[in-house]
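[1] Have a look; sequence and predicted model below, questions after that.
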Amino acid sequence: MTNKFPHVKLPLCIKGELYFSGDKSISHRALMFGALATGKTQLTNVNSGDDVKSTIRVLSACGVEIIQNNDATIVNGNGFKSLKLPIQVLDCGNSGTTARLMMGLCAGEGIRVEMTGDASLRKRPMDRVLLPLRRMGAHFLARSDKFLPIMLSGDRLNSLNCVLPVASAQIKSALILAGLQADGITTITSPRQSRDHSERMLSAMGANIHIDGFVVTVEKSTKPLKPINMHIPGDVSSAAFFIVAATLLKSSEIIIKDVSLNPTRTAFLDYVESMGGFVNKEIIRTEMDEPSGNVLIKSAELTAYSPDISRIPNLIDELPLVALLASQATGTTIIKGAGELRFKESDRIKAIVTNLKKWNVNITELEDGFEIIGPNTLTPSSIESFGDHRIAMMMTIAALVAGEDISKLDFPEIAISFPEFFTALNQLIQHD
Ligand code: S3P
C-alpha cells in the first residue's frame with residue numbers, strides 16, 4: 001500500500017503511559033502448547049493481531065476447543081495425540097510462526113494436514129522446517145519441495161540431532177514440538193541465540209527440555225504437560241515503535257507497562273542504550289519463566305552504533321527501526337549478518353532501503369544488511385509498505401519524526417500484529 005502526505009510541519013512529542021496487547025510469539029506458543037497440555041489453559045492479554053487469530057483458526061480446525069471471552073482465552077487441552085484430522089486446508093494467513101510451528105506440532109501428533117497461507121507466506125521458505133521433519137520420519141509434499149501449499153503427514157517420529165543453518169526460533173520451536181513426541185532425545189544446535197520462549201514455557205509445563213548454550217535437547221514426554229495459567233506480557237516488538245518515537249521526538253517521555261523483558265527479546269532496548277538513548281527497565285513479575293516489567297523512555301541525542309552479528313537474531317524484528325534510528329544518529333551504522341530479513345513478510349532489506357532512500361536518507365543496500373550515514377533530515381515522500389506490517393509502522397514513525405500529519409495514513413496490514421497502533425499513538429501525541 002502507498003500513502004502520500006500533504007506537507008505540513010507539526011512540532012510534537014509523545015508523552016504518557018501505555019500497555020500493549022500480549023506478545024505475539026508468546027501468544028502463539030501459549031495457544032499451541034495449551035492444545036497439547038492436559039487440562040484447561042487460561043490466558044489473558046492474548047495478542048489481538050491477525051497472526052494469532054490464524055493460530056486460533058488452525059488449532060480449532062484440528063479439533064482444539066478454544067473459547068474467547070471478553071478478556072480471557074481458554075484452551076481445553078486433551079493431551080498428546082488429541083488433535084483431529086482437519087477436514088479443511090489449514091490457512092495460516094500471513095503468519096510464518098503459525099505455519100512453521102504447526103508443521104512440527106502436527107508431525108508430532110501424527111495427523112495428516114494440508115496447509116497454505118496468503119501470497120506473502122506462500123513465498124517464504126518452509127524447507128528449513130520440512131526437511132528436518134522428514135529426517136524424523138514425517139512425509140510431505142510441497143510446491144517446489146519448499147513452499148506452501150503443502151501436504152504433511154506425521155508418523156511415529158524418530159529423534160533427530162541437527163545443526164540449524166540459521167538462528168531461527170521458528171525452526172527451533174517446530175523441531176522442539178516434534179521432538180516432544182519423537183522416540184528418544186532430539187538435539188537442536190543453533191548457530192546463535194534466538195528467542196527462547198518455547199524452551200522456557202515448555203519447561204515450566206513439565207516437558208523434558210534442557211538448554212546448554214545454543215544447544216537444546218528435548219526428550220519424548222512420558223507425562224502430560226501441565227496447562228498454562230498466564231497473563232501474557234505486552235509485545236516488546238510493538239512497544240519498539242513507541243520507543244523509537246519517544247527517543248527521536250524532543251521532550252518526549254513514555255512509560256511502557258508490563259511488557260515482555262525476556263532477555264532474548266531485549267536486544268533492541270540494549271541497542272537504543274548503546275546509541276545514547278534513555279532506557280530504564282525494571283522487571284516486575286515472572287510467569288511461565290517469562291519475565292516482564294516496565295520501561296521508561298525519554299528523548300535523547302543519538303550516536304551511531306553497529307551491533308555485533310551475534311546480536312542480530314534477537315534484533316531481527318526491530319531492524320527496520322534500527323534503520324530509522326541510525327538515519328537520525330551521528331555517524332555510520334553498518335548492519336551485517338541480517339540476510340534473514342530478505343525472507344520475512346517482505347524482503348525487508350529492500351523495503352527499508354527503498355523507503356529511506358526515497359526520504360533522502362544516505363543508505364546503501366548490502367547483501368545481508370545495510371549501511372547508513374547520519375544524521376539525515378527526513379524528506380517526506382510516499383510510503384511503500386510492501387504489504388508488511390512492520391515496514392508500515394516504521395515509516396509511520398518516520399513520518400511523525402519528520403513532523404508530518406499522520407492522521408490520514410491507513411495501512412490495513414498493521415492489523416497483522418498491532419491493530420491498536422494508530423489509536424495508541426494518537427493518544428500519546430502532544431502538539432507543542
Ligand atoms: C518468531 C521468530 C522470528 C521472528 C518472528 C517470530 C517466533 O523468526 O522474526 O516474527 O515467534 O518464533 P525467525 O525465528 O524465523 O527468525
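    All right, it came through fine.

[2] for the stretch 101-250 of the chain, what spans make up the strands?
    Listed in chain order, the strands found in the stretch 101-250 of the chain under DSSP state E, counting those that start in this stretch are 112-116, 139-143, 147-153, 161-163, 185-189, 209-212, 215-219, 229-231.

[3] From the ligand, how far out is the closest residue to residue 248 other than its chain neighbours?
    In this structure, residue 248 finds its nearest non-sequential neighbour in residue 401, 4.8 Å apart by C-beta to C-beta, 6 or more residues apart in numbering. C-beta here means a position set from N, CA and C on the backbone, and glycine is covered the same way. The gap separating residue 401 from the ligand is 24 Å, by C-beta to the nearest ligand atom, to the nearest Å.

[4] could you redo the strands of the stretch 101-250 of the chain as JSON lines and give each row mean neighbour count, distance to the ligand and mean pLDDT?
    Below are the strands of the stretch 101-250 of the chain laid out as JSON lines (neighbours: other C-beta atoms under 10 Å; distance: least, C-beta to the nearest ligand atom, whole Å; pLDDT from 0 to 100):
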{"stretch": "strand 112-116", "mean neighbour count": "19", "distance to the ligand": "17", "mean pLDDT": "98"}
{"stretch": "strand 139-143", "mean neighbour count": "15", "distance to the ligand": "17", "mean pLDDT": "98"}
{"stretch": "strand 147-153", "mean neighbour count": "19", "distance to the ligand": "15", "mean pLDDT": "98"}
{"stretch": "strand 161-163", "mean neighbour count": "13", "distance to the ligand": "15", "mean pLDDT": "98"}
{"stretch": "strand 185-189", "mean neighbour count": "19", "distance to the ligand": "13", "mean pLDDT": "98"}
{"stretch": "strand 209-212", "mean neighbour count": "14", "distance to the ligand": "16", "mean pLDDT": "98"}
{"stretch": "strand 215-219", "mean neighbour count": "19", "distance to the ligand": "13", "mean pLDDT": "98"}
{"stretch": "strand 229-231", "mean neighbour count": "18", "distance to the ligand": "16", "mean pLDDT": "98"}
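
[5] Output those strands as a markdown table; include the columns distance to residue 35.
    Formatted as a markdown table, the strands of the stretch 101-250 of the chain follow (distance: least, C-beta to C-beta, whole Å):
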| stretch | distance to residue 35 |
| --- | --- |
| strand 112-116 | 14 |
| strand 139-143 | 21 |
| strand 147-153 | 17 |
| strand 161-163 | 25 |
| strand 185-189 | 20 |
| strand 209-212 | 18 |
| strand 215-219 | 17 |
| strand 229-231 | 15 |
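
[6] residues in contact with the closest residue to residue 235 other than its chain neighbours?
    Nearest-residue entry for residue 235: residue 23, 4.4 Å, with adjacent residues in sequence omitted and distances by C-beta to C-beta, 6+ apart. Counting by C-beta atoms under 8 Å, 6 or more residues apart in numbering, residue 23 touches 47, 197, 232, 233, 234, 235, 236, 237, 260, 265.

[7] Where helices are concerned, which of those residues count?
    The members of the contacts of residue 23 that map onto helices under DSSP state H are 197, 236, 237.

[8] Out of these, which end up buried?
    Among the ones in helices among the contacts of residue 23, those classed as buried by 16 or more other C-beta atoms under 10 Å are 197, 236, 237.

[9] ok, of these, which one's closest to residue 181?
    Distance to residue 181 across these (C-beta to C-beta) is lowest for residue 197, with 19.3 Å.

[10] Does the closest one touch residue 235 like I think?
    No - with contact defined as C-beta atoms under 8 Å, residue 197 does not count as touching residue 235 (11.8 Å).
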